[in-house]
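Participant: Just the structure for this:
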Amino acid sequence: MHHDSVDTVAGWLAEAQGACIAFTGAGLSTDSGIPAFRGAGGVWERYPPEHFGTALGLLRTFAFRFGQLREFLLDTASCFLDAQPGDSHHALATLENHGLLSRVVTQNIDGLHELAGNKDVISLHGNFYRGRCLKCRETTVFTRADIEAFISHLEEEGRARLSFLRAYRRHRLRCARCGSATRPDMVLFGERLQTEVYERAARAAETCELILVIGTSVLVRPASDIPFIALRAGARVVEVNTEPTELSELADLHIETAAEQFLPALLARVELPSATGR
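Facilitator: Predicted coordinates:
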């Protein structure tokens, strides 16, 4: 990574005067201990998405291979629960707090942007710490303690299929509005993004002057359309990724490095206005 590139982005960030958004992907959270879902060593390599990434696949796995489903739940939940925001998350939170970044649009479901202090986060694929009501469709935010209690009960109840049902009965994650059962507020394969969430992200892309595209392969549609919407609207596009993508040749600047190297370096080179206090 060349210092000149970082200085260039710092200058563009100042010129944008807050009309900047970040679009983030799995590469931002790998340094926090959360493995990418795609690629070598990714979650989908160990847990095929046709079994663990679709509603029908999860139902079939629950019915016929519950031991594998239990392992998947415990494995992935422990990654999220143990993870803490890294320097990259804190850098984006600082930029937002000082008015240089208006919001984060993320494909990640780990909640680390919020934990780091970002106030305006559009989570296109949902959030591990939210439940969606099966009855009224409202979303409810759960604490780590809520989810830890459920996972703890699942571990205690044993490996039989009934263990999940007993854990669910003992610690059901209920809707704050109507008290009904919830499902994880995450977009599975074959499911549509929530229209209002995608439209908010698209509007943010259409109106920004600078977009930082960080740690994403730009492969998962329609979420990955967001940088291209910004590009068509005339925004400057900066891509930070460890390897080229289909966006690289179109971006104003492609920086081939990891997020945890770029964002702290960028933060060190920008002049921070007074905090906004949002």
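Participant: rest of the way, CA atoms for contacts and neighbours
Facilitator: Fine.
Participant: show me where the protein has strands.
Facilitator: Assigned by DSSP state E, the strands in the chain fall at 20-24, 103-106, 121-123, 126-133, 139-141, 182-186, 210-214, 236-241, 253-256.
Participant: Turn those strands into JSON lines, including mean neighbour count and distance to residue 34.
Facilitator: As requested, those are exported to JSON lines (neighbours: other C-alpha atoms under 10 Å; distance: least, C-alpha to C-alpha, whole Å):
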{"stretch": "strand 20-24", "mean neighbour count": "26", "distance to residue 34": "14"}
{"stretch": "strand 103-106", "mean neighbour count": "26", "distance to residue 34": "15"}
{"stretch": "strand 121-123", "mean neighbour count": "20", "distance to residue 34": "17"}
{"stretch": "strand 126-133", "mean neighbour count": "22", "distance to residue 34": "12"}
{"stretch": "strand 139-141", "mean neighbour count": "18", "distance to residue 34": "21"}
{"stretch": "strand 182-186", "mean neighbour count": "19", "distance to residue 34": "16"}
{"stretch": "strand 210-214", "mean neighbour count": "26", "distance to residue 34": "16"}
{"stretch": "strand 236-241", "mean neighbour count": "24", "distance to residue 34": "17"}
{"stretch": "strand 253-256", "mean neighbour count": "19", "distance to residue 34": "21"}
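Participant: Figure out which of those strands is closest to residue 63.
Facilitator: Among these, strand 182-186 comes nearest to residue 63, with 17.5 Å by C-alpha to C-alpha.
Participant: ok, the spatially most central residue of the chain - contacts?
Facilitator: The centroid of the chain falls nearest to residue 108 when counting by C-alpha atoms, centre = their mean (1.4 Å). Contact analysis of residue 108 by C-alpha atoms under 8 Å, 6 or more residues apart in numbering lists 24-26, 123-127.
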